[in-house]
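[1] build me a model from this:
(chains A, B, C and D)
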Number of protein chains: 2
Amino acid sequence: MSHRPMSAHGSHGIPEATVARLPVYLRALYALAENGTATVSSEELAVAAGVNSAKLRKDLSHLGSYGTRGVGYDVQYLVYQVSRELGLTQDWPVVIVGAGNLGRALANYGGFASRGFRIAALLDADAAQVGGPVASLSVRHSDEMEAVIKEHRVSIGVIATPAGSAQGVCDRLVAAGVTSILNFAPCVLSVPEHVDVRKVDLSIELQILAFHAQRKAAMGNSVADAQVVAT
Amino acid sequence: MSHRPMSAHGSHGIPEATVARLPVYLRALYALAENGTATVSSEELAVAAGVNSAKLRKDLSHLGSYGTRGVGYDVQYLVYQVSRELGLTQDWPVVIVGAGNLGRALANYGGFASRGFRIAALLDADAAQVGGPVASLSVRHSDEMEAVIKEHRVSIGVIATPAGSAQGVCDRLVAAGVTSILNFAPCVLSVPEHVDVRKVDLSIELQILAFHAQRKAAMGNSVADAQVVAT
DNA sequence: TCGGCTTTGTGCAAACATTCACAAGGGCGT
DNA sequence: ACGCCCTTGTGAATGTTTGCACAAAGCCGA
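    Residues are numbered from 1 along each chain as shown, chains lettered A, B, ... in the order given. Just a heads-up that it's a prediction; the model follows:
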């Protein structure tokens, strides 16, 4: 992910760590709303979101003073404020490039289109994939990328191609006007200054888990040793 | 993700931020090795991994002093050291729960099995999915979860079910002895102290991108305004 | 052998993030 | 109308991460 410098607390700057948590809060708030809950305290919401309540309050305080002391937060109102801050009150057309297993899984993913995100097209370079219907979309050929992006004013692109094709696809997306990219290909993308890239990488997550798993195993051993030593 | 307290720089404690980057370095190193490169400087490797070179050196210094001043790092040797630190010199059997679009995509993902991770089983609760061959595996019924975990000594579980089933699956995994979980379901899991959870959430990543996209758009406006004012 | 060139490894300071602890403030019962 | 109780919002302390800048150290050529 490319961090712009950002004055972190300027007139409007919300800390990056906070931004990353707002969607989690939003999801918890939606669950509460569907539950019929009208107001929620920072403590309750924090538990639902899996964070510390002081952190939650500080996070929300960056958006404004939307709580009522002694009472809590109005769920509906907070949903609206968080949505607005995240830019979810507008529609974001998205192109997905790569209609392999992952691309199709993404296109089928319900939560995808649910809140503000709309799949403008699912593209693939392989003619064999083209035309096949996936989740009420038909796969279109990569040649149409530029046309689709212009027509739908797409600013977010999702790369679900093999690593080898990712940089090429990325360059074309950027050239066509995309400024935000979600990259599922296991590689580093290089992009101009003004483009944001976020990376989702299964294999990296597994390796991080492996590290901790190993550490836990080793700790178990050394604890045993420590007990022997201590006894 | 559940952070154990960890003294951040104890006798063996590697900072969490560093751990998260080691897999990226490792991938870059593999690419260099396949390329035939024998040694690499921190600057080159940093570029390949998309980070600052001072950061890379500090990260690597946590594993030991494996560089040669004036020369750089031996690629093969560093691959080994990083792999060892991450726990990738051993085999990690993994169960994937949920054989929907995502679960199948994961099972088919090549990079998955490539380095130390082996899919012990792909499970699904839906009898209609069971038996279907996916990537040289056959889908097995969730009832067999406990047996599979015991038999293969699985300690890592991947949850690729709908959000509604995730907590239940998680509880069963934990009860059967899994201590590391990679969760693709869009929900917060609650687990005992000793279990690590990492979350991969497409919709959250998109929302973070939307936030930055909106900010860029707003900045564009205010920059335009500023120019008007400044002129 | 020695001096110069290059690159690592790290002390330090600044930026960023988390958490505690509590004052300020609002509702509710009496 | 008043005071109690509850919860927010935030100052201050602490912990973590980043990045600069440079001394320590290895290699190479003369």
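[2] which residues in chain A form strands?
    A:39-40, A:67-68, A:72-74, A:92-97, A:117-124, A:133-134, A:137-141, A:156-159, A:180-183, A:196-199 (DSSP state E).
[3] can you tell me which of these has the worst average pLDDT?
    Looking over the strands of chain A, mean pLDDT reaches its minimum on strand A:133-134, with a mean of 82.
[4] that one - contacts with which helices or strands?
    Applying 3 or more C-beta pairs under 8 Å, 6 or more residues apart in numbering or on different chains; DSSP states H and E, we find strand A:133-134 packed against helix A:101-108. From N, CA and C alone the C-beta is placed, and that goes for glycine too.
[5] what's the mean pLDDT across the helix it packs on?
    Rounded mean pLDDT across helix A:101-108 is 90.
[6] hang on, the earlier thing: looking at the strands of chain A, which is buried most?
    strand A:156-159 (a mean of 27; mean count of other C-beta atoms under 10 Å in any protein chain shown).
[7] parallel or antiparallel, list what pairs with it.
    strand A:92-97 (parallel), strand A:180-183 (parallel) (DSSP bridges).
[8] gap between the longest one and the chain center?
    Right, strand A:92-97. 14 Å (C-alpha atoms, centre = their mean, to the nearest Å).
[9] now the angle from that strand to helix A:101-108?
    If you take axes from the mean of the first three to the mean of the last three C-alpha atoms, to 10 degrees, strand A:92-97 sits at 160 degrees to helix A:101-108.
[10] and the end-to-end length of stretch A:65-81?
    One end of stretch A:65-81 sits 11 Å from the other (C-alpha to C-alpha, to the nearest Å).
[11] does DNA strand D sit close to it?
    Yes: counting by C-beta under 7 Å from any atom of the strand, DNA strand D is contacted by stretch A:65-81 at A:65-73.
[12] closest to A:Arg118 out of the residues you listed?
    The closest of those to A:Arg118 turns out to be A:Tyr66 (C-beta to C-beta; 28.1 Å).
[13] need the contact list for that closest one.
    A:60, A:73-74, A:77-78, A:81 (C-beta atoms under 8 Å, 6 or more residues apart in numbering or on different chains).
[14] and DNA strand C, which of those residues contact it?
    Okay, of these, nothing touches DNA strand C (C-beta under 7 Å from any atom of the strand).
[15] pipe the strands of chain A into a markdown table and attach distance to B:Leu202 per row.
    Formatted as a markdown table, those follow (distance: least, C-beta to C-beta, whole Å):
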| stretch | distance to B:Leu202 |
| --- | --- |
| strand A:39-40 | 26 |
| strand A:67-68 | 30 |
| strand A:72-74 | 27 |
| strand A:92-97 | 11 |
| strand A:117-124 | 10 |
| strand A:133-134 | 16 |
| strand A:137-141 | 16 |
| strand A:156-159 | 9 |
| strand A:180-183 | 8 |
| strand A:196-199 | 10 |
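[16] and which of the contacts of A:Tyr66 is nearest to chain B?
    Ranked by distance to chain B (C-beta to the nearest C-beta), those are led by A:Gln81 at 13.3 Å.
[17] measure the closest one to DNA strand D for me?
    11 Å (C-beta to the nearest atom of the strand, to the nearest Å).
[18] A:Asp143 now?
    39 Å.
[19] also A:Gly111?
    27 Å.
[20] with A:Val191 instead?
    17 Å.
[21] quick one: residues contacting that residue.
    Counting by C-beta under 8 Å, 6+ apart, A:Val191 touches A:2, A:170, A:174, A:181, A:197.
[22] in TSV: those, plus distance to A:Ala46.
    Putting these into TSV (distance: C-beta to C-beta, whole Å) gives the following:
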residue	distance to A:Ala46
A:Ser2	30
A:Cys170	37
A:Val174	39
A:Ile181	32
A:Val197	30
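[23] quick check, nearest of those to DNA strand C?
    A:Ser2 (14.0 Å; C-beta to the nearest atom of the strand).
[24] thinking again about what came up before, among the strands paired with strand A:156-159, which comes closest to DNA strand C?
    Going by C-beta to the nearest atom of the strand, the one of these nearest DNA strand C is strand A:180-183, 18.9 Å.
[25] output that closest one as CSV, restricted to C-alpha atoms.
    Taking C-alpha atoms only, strand A:180-183 is exported to CSV below (Å, rounded to 0.1, in the frame of the first residue of the first chain):
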residue,chain,number,x,y,z
SER,A,180,-7.0,3.0,-6.8
ILE,A,181,-6.0,-0.6,-7.2
LEU,A,182,-6.7,-3.7,-5.1
ASN,A,183,-4.0,-6.2,-6.0
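[26] which residues touch that strand?
    Outside strand A:180-183, the residues within contact range by C-beta under 8 Å, 6+ apart are A:155-159, A:166, A:170, A:173-174, A:189, A:191, A:195-200, B:202, B:205-206, B:209-210, B:212-213.
[27] which residue ranges of chain A form helices?
    In chain A, helices defined by DSSP state H lie at A:16-35, A:42-49, A:53-61, A:75-86, A:101-108, A:110-114, A:145-152, A:163-175, A:202-230, listed in chain order.
[28] show residues contacting the third one.
    Going back to what we said before, that points to helix A:53-61. A:18, A:21-22, A:25, A:42-43, A:45-47, A:49, A:66-67, A:73, A:78.
[29] quick check on these: which are buried?
    Those of the contacts of helix A:53-61 that meet the buried threshold are A:18, A:21-22, A:25, A:42, A:45-47, A:49, A:67, A:73, A:78, by 16 or more other C-beta atoms under 10 Å in any protein chain shown.
[30] from those, which are also near chain B?
    A:22, A:49 (C-beta under 8 Å from any C-beta of the partner chain).
[31] and of the buried ones among the contacts of helix A:53-61, the nearest to A:Phe117?
    Nearest to A:Phe117 among the buried ones among the contacts of helix A:53-61, with distances taken as C-beta to C-beta, is A:Leu22, at 15.6 Å.
[32] tell me the contacts of the closest one?
    Contacts for A:Leu22 were tallied using C-beta under 8 Å, 6+ apart; they are A:59, A:82, A:85-86, B:207, B:211.
[33] confidence score at A:Ser7?
    At A:Ser7, pLDDT is 38.
[34] repeat that for the one 4 residues further on.
    Per-residue confidence (pLDDT) for A:Ser11: 43.
[35] next: the one 4 residues further on.
    Residue-level confidence at A:Pro15 comes out at 98, pLDDT.
[36] same question for A:Ala230.
    Per-residue pLDDT puts A:Ala230 at 35.
[37] A:Lys216 contacts B:Val195, correct?
    No: counting by C-beta atoms under 8 Å, B:Val195 is not a contact partner of A:Lys216; they are 9.5 Å apart.
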